[in-house]
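[1] let me see the structure of the following:
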Amino acid sequence: MRCKYVNIIDTIKHRISINVVLFGEFGSLINFCQSYRADMYIHYCVTGDISKVGEAINGIPVLSIADGLAKRKDELVIILEQNDHDRYEEVLNCWSFKPAQDYVIWTWSLKYTQLPFIFNFIERNKKVWKAYDRGRKQNKVLVTTVGAHTGMAIINSYYGNVLAKKYDAELIGCLIKSRRRAFLEEEVYRSFNTKDFLDGELTEKQRKIVNDMFNYICPQIKNKYDLQNLDINGINFGFEIYRAFVRLVSGIFDLQEYNNEFKNLFYDALRIIVYYTDYFQNNKVKAVLLTDGLYYEGLVRLIAWKYNAKVYAVDEGRLVHFYKGNYSGRFGNKVNYKQLFESLPVEEQKAGLSWAKEHLEKRLQGDVSDILYMAGRSAYTKKKDIRVLDNNNKVKIMICPHCINDDPYGCGKFLFSDHEEWLSYLGELSNLTDYEWYIKYHPSAGVKSIALWDEIRRKYPRIKKLPLDVSPQQLKDEGMQFALTLWGSIGHEYPALGIQVINAGRNYHEDFDFCSNPGTVAEYENILLNLATFHKKIDINEIFKFYYIHYNYLKKEDKDIFFPRRQIYTPEYPCPMNLNIDGIMEGFHDQYVEWMYHWFMEECTDGYHEVLLEKVKNRLMKTFVE
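    As a prediction, the model looks like this:
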């Protein structure tokens, strides 16, 4: 190995030893095994979680640190905890393991590799952005750095410079999500006129304020409602902190079990609140460019709103305007889908319905290329040889829970305070009704989601778990009548099969009438207690209208303008990307490689810089007037 940092590129290029041992937290071990077991021989796993020792992950044994490290012979140890690798390295060093020779650290940052791409991008920036250099200005525009080389630098160079010119401001880089700095990242940002960088390091005075706040507030938080309702300086930061806890720590807010994890997360949140509140108070910030605008970044979003700064996020190359009060990301900007479809020319409506019919049929047959995060894992598989539902005449209802690996509030707040409360509510109803209750786990679920669902099943045993690979068509044929979700894609998939869907929150389907959208818990409960007489007529053309707008029209309107030729792929660009059913290559993790600089410069040929600049100006122009 050339260095101790490795990633997927090294796997594809066969630079990682075939025989490896994994070392990390149990959840990380599971995720890694599921993703990469086909690319290398994983001899066994090592974890410090004593309760998991002796278990197996897809047949791969899990050993204790002492047993696992003593047993190792020629295998390469891969540390999976890249954000906390220091303590893992300490353990390996005690066993006289040498970096790059005996162990490596899995990371997306590609440290110290592909340097020519970085240098070429820097030199290009110095030329094209020279005229946009605002010099030192009182007004500020904040652009996030992420502690890695990503497509964010490319995107921020355009949006940042256009905003800086609009507000006669200077660009300031800010590190919010991570405390680690990437090799040469600041040089990349300086090349497109970024003047200074905020690293989040507290002054002695700020540290005292954070400590005092922590010692005063933390003992007062006894349950999730105390946290969700927490206001500091007149701003409800609590919901965003809770949002981060559910995603990063556990789907169940248990202060007894997760007390240390909560304290660490809460202290970090206070650190960000104090640091950026001071900065906004003492500087004229006109706009902020974030990555997703949620969790720790969400705290900065709330502060920016208070000081009347514009807030943007760039979601996989697409601009999101967080207008004041929009807590739900891109969904907060949603137009009325039904009205939008009906405003289209008649010929486009006809073509759209035809396109939607073809693509939805493929989706129901197993194609998931319209849904990038599914990464090939379809819920619409072949029928099983055996019956999975009880053979009786009872009302059959299925819970389709959401993954909380990413944002647990994907469409904002819903009828319940969180996923656990929603599922517990349904669990209580399962004890009060004579229905057949089932739950079908999401095929993309991570460890935290599965732990939450397992706990719900333990508490409410009348809810039966369905096989992951059972087809919804089979469920329909065996008598499944109803499915429950908060905002999931089953809202348009299942009605197309004849299964009625009842949502419990705002969702992309709410402009149509092919699924139910109760506005209160009382209305929700009334529907669920009277399912025997509840029936909604489903118009398949309405589903086609939704499908065309959501998966075609809006994608064209909001397409990635920075990498319009992503479909071009050769072995020389060894980061795998998913082809959708239109042959277009898209993917989330493509943002996390230095190859992005090279791809961008290949696509941004003579003349395209000005074209791209104009597109960025036009997109921002729509947000300047609220």
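[2] strand partners (parallel or antiparallel) of the helix or strand where Ile78 lies?
    Per DSSP states H and E, Ile78 falls inside strand 76-79. In the sheet, strand 76-79 lines up against strand 19-23 (parallel), strand 103-106 (parallel) (DSSP bridges).
[3] and the last one, which residues are buried?
    Under the neighbour-count criterion of 16 or more other C-beta atoms under 10 Å, strand 103-106 has 103-106 buried. (Glycine included, C-beta is placed from N, CA and C.)
[4] give me the nearest residue to the spatially most central residue of the chain, chain neighbours excluded.
    Nearest to the geometric centre of the chain sits Asp406, at 3.8 Å (C-alpha atoms, centre = their mean). Once flanking residues are discounted, Asp406 sits nearest to Arg247: 6.9 Å by C-beta to C-beta, 6 or more residues apart in numbering.
[5] let me see the confidence value for that neighbour.
    At Arg247, the model reports a pLDDT of 86.
[6] what does the one 4 residues further on give?
    Among the per-residue scores, Gly251 holds a pLDDT of 85.
[7] with the one 10 residues further on instead?
    Model confidence at Glu261, given as pLDDT, is 90.
[8] state the pLDDT value of Tyr36.
    pLDDT at Tyr36 comes out at 76.
[9] now do it against His442, distance only.
    Using C-beta to C-beta, to the nearest Å, Tyr36 is found at 21 Å from His442.
[10] likewise for Thr145?
    Counting by C-beta to C-beta - Thr145 and His442 are separated by 33 Å.
[11] same check on Tyr295?
    Counting by C-beta to C-beta, the gap from Tyr295 to His442 is 21 Å.
[12] what of Val285?
    For Val285, the distance to His442 - C-beta to C-beta - is 39 Å.
[13] I'd assumed Lys195 was in a helix, is it?
    No. Assignment of Lys195 by DSSP: H, G, I helix; E, B strand; the rest coil gives strand, placing it outside any helix.
[14] show me the contacts for it.
    136, 170-172 (C-beta atoms under 8 Å, 6 or more residues apart in numbering).
[15] what's the PyMOL line that selects buried ones from the residues you listed?
    Only the buried entries of the contacts of Lys195 go into this PyMOL selection, using 16+ other C-beta under 10 Å:
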select buried, resi 170+171+172
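[16] packing partners for the helix or strand hosting Arg458?
    Secondary structure assignment for Arg458, by DSSP H and E: helix 447-459. In terms of contacts (3 or more C-beta pairs under 8 Å, 6 or more residues apart in numbering; DSSP states H and E), helix 447-459 is packed against helix 26-36, helix 419-432, strand 436-439, strand 463-465.
[17] so how far is the second one from its chain's centroid?
    Between the mean C-alpha point of helix 419-432 and the mean C-alpha point of its chain there is a distance of 26 Å (C-alpha atoms, centre = their mean, to the nearest Å).
[18] so Glu201: helix, strand or coil?
    Going by three-state DSSP: Glu201 is coil.
[19] excluding chain neighbours, what is closest to Gly251?
    Closest to Gly251 by C-beta to C-beta, 6+ apart is Leu452, at 3.4 Å.
[20] ditto for Val311
    Nearest to Val311 is Phe322, by C-beta to C-beta, 6+ apart, at 4.0 Å.
[21] hang on, the earlier thing: Val285 and His442 - which one has more neighbours?
    More neighbours surround Val285 than the other of Val285 and His442, with 24 against 20 (other C-beta atoms under 10 Å).
[22] Tyr279 is in contact with the more buried one, correct?
    Yes. At 7.4 Å, Val285 and Tyr279 qualify as touching, with contact defined as C-beta atoms under 8 Å.
[23] against Glu614, how distant is Arg243?
    To Glu614, Arg243 is 36 Å away according to C-beta to C-beta.
[24] can you check Tyr553 too?
    22 Å.
[25] and if you look at Pro443?
    41 Å.
[26] those two: which is more packed in?
    Shown here are Pro443 and Glu614; by other C-beta under 10 Å, Pro443 has more neighbours (17 against 11).
[27] so the more buried one, which of the three states?
    coil.
[28] was I right about it contacting Pro467?
    No. Applying C-beta under 8 Å as the test, Pro443 and Pro467 come out as separate, 11.3 Å apart.
[29] give me the number of residues near the closest residue to Leu432 other than its chain neighbours?
    Among residues not flanking Leu432 along the chain, Leu529 sits closest, at 7.8 Å (C-beta to C-beta, 6+ apart). Neighbours of Leu529 under the rule other C-beta under 10 Å: 13.
[30] now Ala66
    12.
[31] before we move on, what about the one 3 residues further on?
    For Leu69, the count of nearby residues is 19 (other C-beta under 10 Å).
[32] packing partners for the host helix or strand of it?
    Take DSSP H and E as the rule and Leu69 turns out to sit in helix 65-71. If you count contacts as 3+ C-beta pairs under 8 Å, 6+ apart, helix 65-71 packs onto strand 19-23, strand 41-46, helix 85-94.
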